[in-house]
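Asker: Give me the fold of what follows.
(2 chains)
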Protein chains: 2
Amino acid sequence: MKRVAIVGAGCSKFGKREDASMQELAFEAVKKALDDAEVTTADLDATFVGNANQFLTNQAQPGALVTDYVGMNPKPSYTVVDACSSGSGALRAAWASICSGLHDTALVCGVEKMTEISTAKMTEALGRAGDTRWEVLPTGIPNPGAYALLACVHMHEFGMTDRQLASVAVKAHHYGMMNPLAHFQKKITIEDALKSRMISYPLRLYDCSLVSDGSAAVILASEEKAKEMTDTPVFVDGLGAATDTVALHSRTSFTGLKCAELAAKQAYKMANVGPNDINVACVHDCFTISEIIAYESLGFCERGQGGKFVEEGQSYIGGKIPTNVDGGLKSKGHPLGATGVAMAVEITKQLRGECGQRQVPGAEIGLSHNLGMHGTHAYVHIYRR
Amino acid sequence: MKRVAIVGAGCSKFGKREDASMQELAFEAVKKALDDAEVTTADLDATFVGNANQFLTNQAQPGALVTDYVGMNPKPSYTVVDACSSGSGALRAAWASICSGLHDTALVCGVEKMTEISTAKMTEALGRAGDTRWEVLPTGIPNPGAYALLACVHMHEFGMTDRQLASVAVKAHHYGMMNPLAHFQKKITIEDALKSRMISYPLRLYDCSLVSDGSAAVILASEEKAKEMTDTPVFVDGLGAATDTVALHSRTSFTGLKCAELAAKQAYKMANVGPNDINVACVHDCFTISEIIAYESLGFCERGQGGKFVEEGQSYIGGKIPTNVDGGLKSKGHPLGATGVAMAVEITKQLRGECGQRQVPGAEIGLSHNLGMHGTHAYVHIYRR
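Answerer: Here you go, the predicted structure:
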């Protein structure tokens, strides 16, 4: 199999971006990625857009608007939709297109403008990615409810505690303070998290990621082309992807997320590495419980030990596997379609040693873990400098 | 570059399918494709769903519902969104994934359930794929208006006539009568078409394709795998894709659709054939004018001669290049995400000689041409038995 590398990467400022339309947000990241790779759109062969939810902007072809606005017409372009993992899906699609020989280079842009509509409409829009017939609408199990169920099971089965959940939030905010692009830059304590208002037991306000506008972009190139373009290619050497049922009631286990475990296994095998080889990771902490489960899905620790892993500081810089040192979805923000691509941006910058205060010293191998909805989709990518 | 083949194909009945949900519709086609390839979902590596418009079913993750329902969990799956060309985008994505070595086999399913919501809501939903800020809402240029503009330019520049537009409709209905899966099975005359009510000058009711529910599925396999699976592989040997501006007012020419011309050029080059080698074609006749422009984009005739081409019978069986002998979007129906995949199904069956009354004798090389919106996206695929 051929190798494909990231040769340029950039992220917009995440936040409530009243100053920018979806297209302008996309361009903000694309421009940074182009400048980073020292190329123009004329040098790129195709566009792959990650965008999750048409209801948020009332646009049925958001990817076409982005492709048009950033100046990638008339090159091929399509949009990948996979709820919160749309960006990772787009990266996977671009990777395959280059590896197949269809293209030498590609632009991957993930973007979501979430705050144009009212909070009520936004909550409804997000719920539409779930099992609307039996779960989301009649019983009130959109994303927070689903992850709350998973948290309850973890508490019951493994003794995971609310302090351990809070530890995830504290770490996220600790590192978010070091990321100028992060949405929510505020230091918090365990006590702040434990005192915040209940959203869906046992998840409190500080257990939830942010509703953000944002975009991220990477430029991919074939190995041959990458070596012409840069001295610091970051290769995407492992890709894993798996799916699970949309409805929670169709699943047989709630102690983990099967699709993430499968995706991790595929990615490790393809990259010929194991969890112990990973120097830095970005994982899908849409809720604090999902980061705890991610440690377990990825084999960073044993099943049931994720809470202890974060409480002991193993996911801080200096610990076993520094995780979400960009602030994660929790502090950096979670603009759905952008999230997976933003993870690729962070890992690229980490492997190139460009992360300043939050740099993981000497990182050579990185991993991203991106979930769609409550584990309907999972993508794991492994990167090597 | 490796070769990828279609080894199974199936289409649902198109129409107002009150009897089936989106998932059930998808399964109808998937089951036929599985049976056709004599495999089960266990034999397939991944799913690629084409679905255009989340507003039509109020689902933000329609592809996940389909993947789940047809039994393709936990294999990788994503959804490609490209308005009316979503199905062709999904096929392209699957092709690249196999060619890259990520998968040996893949299921491609295009589906759209369009009639669950009111006609007014549906019209609004479709318009949301255009330039909503300047064109669709304020000036009333959703799809019919856009294609009406193109038709006016064709009349003005090349003397194309309303009888020539009507000829496309008459041919579509002629062949639709021979396709048991077609939505609208009714013979019409030139006079019927010319007497039908005006929708957007010069396009009348019979110039417009149908709002249909439907699905289509193909199973792709690597050349090696295909040869183990079937004696009648149909290879996808040429792929072209291009984009254009979303807004019509950003374009510099209205005598054709630039992205379709570019996509055709790429596909011919890749397959190492020209228009004269094509034995059978499915083109995007969302409106009669778009079929006339398609003949020209694809080089079936000179620019401006598309009207004459159909009037002379060159796109009938026995003519130069039999086109849309399945009834086309006009008579078979146009369930957005399904359309591109349904074209692949028809060409596959034609190249295998299985089309009965509407069979093009001895067809060896086929072509599909699928547009998104008014030429925002175009895909051209070339197939060889």
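
Asker: pLDDT at whichever residue of the stretch 151-300 of chain A sits closest to chain B, what is it?
Answerer: Taking C-beta to the nearest C-beta as the measure, the point where the stretch 151-300 of chain A comes nearest chain B is residue A:241, at 3.6 Å. All C-beta atoms are positioned from the backbone trio N, CA, C, and that covers glycine. Model confidence at residue A:241, given as pLDDT, is 98.

Asker: Repeat that for residue A:296.
Answerer: Note on residue A:296: pLDDT of 98.

Asker: And for residue A:132?
Answerer: The confidence metric pLDDT takes the value 88 at residue A:132.

Asker: What's the separation between it and chain B?
Answerer: Summarising the geometry, the distance separating residue A:132 from chain B, computed by C-beta to the nearest C-beta, to the nearest Å, is 7 Å.

Asker: Contacts only, for that residue.
Answerer: Going by C-beta atoms under 8 Å, 6 or more residues apart in numbering or on different chains, residue A:132 touches B:58, B:59.

Asker: on that earlier part again, can you get me a residue count around the nearest residue to the residue of the stretch 151-300 of chain A closest to chain B once chain neighbours are set aside?
Answerer: Nearest residue to residue A:241 in three dimensions, chain neighbours excluded: residue B:76, at 3.6 Å (C-beta to C-beta, 6 or more residues apart in numbering or on different chains). The local packing of residue B:76 (other C-beta atoms under 10 Å in any protein chain shown) involves 28 other residues.

Asker: for residue B:76, phi and psi?
Answerer: The phi and psi torsions at residue B:76 (degrees, to the nearest 10) take the values phi -60, psi 150.

Asker: Please settle this for me: is residue A:172 part of a helix?
Answerer: Yes - the assignment for residue A:172 is a helix, going by DSSP: H, G, I helix; E, B strand; the rest coil.

Asker: What count of nearby residues applies to it?
Answerer: Here the count is done by other C-beta under 10 Å, and residue A:172 has 28 residues near it.

Asker: Which of the helices or strands spans the closest residue to it other than its chain neighbours?
Answerer: Taking C-beta to C-beta, 6+ apart, and ignoring the residues beside it in sequence, residue A:172 has residue A:330 as its nearest neighbour in space, at 3.7 Å. Assigned by DSSP states H and E, residue A:330 belongs to helix A:328-331.

Asker: Show me which residues of the stretch 201-350 of chain A are close to chain B?
Answerer: Taking C-beta under 8 Å from any C-beta of the partner chain as the criterion, the stretch 201-350 of chain A approaches chain B at residues A:239, A:241, A:242, A:243, A:244, A:245, A:246, A:247, A:250, A:258, A:259, A:262.

Asker: where does the first one land in three-state SS?
Answerer: Classification of residue A:239 into helix, strand or coil gives strand, according to three-state DSSP.

Asker: isn't it right up against residue A:94?
Answerer: No - counting by C-beta atoms under 8 Å, residue A:239 stays clear of residue A:94, with 11.0 Å between them.

Asker: More neighbours: which of the two?
Answerer: Neighbours around residue A:239 and residue A:94, counted as other C-beta under 10 Å, are more numerous at residue A:94. The numbers are 29 against 24.
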